[in-house]
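*Asks:* what follows is a predicted structure for the sequence shown.
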Amino acid sequence: MNSITGLEGRSVIVTGAGSGIGRAAALRFAHLGVKVLIADIDPAGAQAAAEEIESRGGTARTVVGDLSDQTTVDEVIATAVQSFGGLDVLVNNAGIMDSMTATADVSDAEWERVIRINLTAPFLLTRAALPHMLARGKGVIVNTASAAALRGSAAGSAYTVSKHGLAGLTKSTAIMYRDRGIRVNAVAPGGTRTHVMNTITPDGDGAAVISRYQNNVGRTAAADEVADAIVFLASDAASNINGVVLPVDDGWSAV
């Protein structure tokens with residue numbers, strides 16, 4: 001990643017940075033001289049990531065809380081702006097998996113929780129971050145979507161809908177603000193070694209149906225491989241890339 005230039009001295013918010021893809025992205029940004037705000041619901045994970053960044057000479061701040069809550073969103077944005085003097089990059093990475101539930105079996109609680117965290121939280125953060133970026137005439141937003149944003153056979157109903165919605169948010173925001181210095185893209189990871197899959201109920205109807213279509217998913221990626229794509233999209237190397245949902249899936253989306 002040393003070939004990525006133009007990020008040193010900038011600031012980034014990475015949500016869900018206490019583990020998995022978010023943590024890997026936060027460490028990548030810090031290695032490139034970016035000041036990182038780690039936002040996560042897990043205090044231990046957030047603190048551990050911040051301590052690792054600072055032990056390597058980087059700059060990190062943490063905000064712990066539920067990112068689907070407006071109060072937490074306001075704290076995240078305010079902390080980044082006050083600590084770093086502004087906001088250059090927002091990475092909406094935090095998300096949860098559903099239990100691979102088929103539509104008729106999705107409970108109100110599961111639907112509302114998945115949509116709230118996977119779609120409403122990125123919307124709230126994007127809405128709160130944009131005024132600061134627009135005031136500076138530039139900014140980058142990178143969303144972590146999913147292979148489920150590109151197909152209907154990658155997850156349960158709630159998760160699939162949430163990630164399709166996030167792809168729509170990505171594209172709409174990119175078009176609305178492209179003439180004002182803002183770029184918005186998303187990565188769409190396939191199978192990745194994180195804890196997000198732990199909630200799947202393997203004997204549910206949804207999982208049984210989806211498993212028929214998952215013979216060509218490709219290999220399981222390391223979190224670092226997805227993080228590299230996030231950092232690339234945030235960098236000046238991607239200056240003419242806007243409104244893209246980039247598969248990072250070993251070719252699964254090409255099957």
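*Replies:* Thanks, I have it. Remember, it's a predicted structure, so these values are computed and weren't measured experimentally. Residues are numbered from 1 along each chain as shown.
*Asks:* show the average pLDDT along the strand or helix carrying residue 183.
*Replies:* Using DSSP states H and E, residue 183 sits within strand 182-189. Strand 182-189 shows a mean pLDDT of 98.
*Asks:* who does that strand pair up with?
*Replies:* Sheet pairing of strand 182-189 (DSSP bridges) gives strand 139-144 (parallel), strand 245-248 (parallel).
*Asks:* centre of the chain to the last one, how far?
*Replies:* Pointing back at strand 245-248 there. What separates the centre of strand 245-248 from the centre of its chain is 12 Å, taken as C-alpha atoms, centre = their mean, to the nearest Å.
*Asks:* same check, this time on the longest one
*Replies:* Mean-position distance between strand 139-144 and its chain equals 8 Å (C-alpha atoms, centre = their mean).
*Asks:* helix or strand right after it?
*Replies:* Remark: after strand 139-144, the chain's next helix or strand is helix 157-177, criterion DSSP H and E.
*Asks:* and that following helix, what does it pack against?
*Replies:* helix 108-115, helix 121-136, strand 139-144, strand 182-189, strand 245-248 (3 or more C-beta pairs under 8 Å, 6 or more residues apart in numbering; DSSP states H and E). C-betas here are computed from N, CA, C, even on glycine.
*Asks:* could you dump the ones you listed to JSON lines with distance to residue 220 and mean neighbour count?
*Replies:* Converted to JSON lines, the helices and strands packed on helix 157-177 look like this (distance: least, C-beta to C-beta, whole Å; neighbours: other C-beta atoms under 10 Å):
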{"stretch": "helix 108-115", "distance to residue 220": "22", "mean neighbour count": "16"}
{"stretch": "helix 121-136", "distance to residue 220": "24", "mean neighbour count": "19"}
{"stretch": "strand 139-144", "distance to residue 220": "16", "mean neighbour count": "27"}
{"stretch": "strand 182-189", "distance to residue 220": "10", "mean neighbour count": "26"}
{"stretch": "strand 245-248", "distance to residue 220": "12", "mean neighbour count": "21"}
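*Asks:* perfect, I'm done here.
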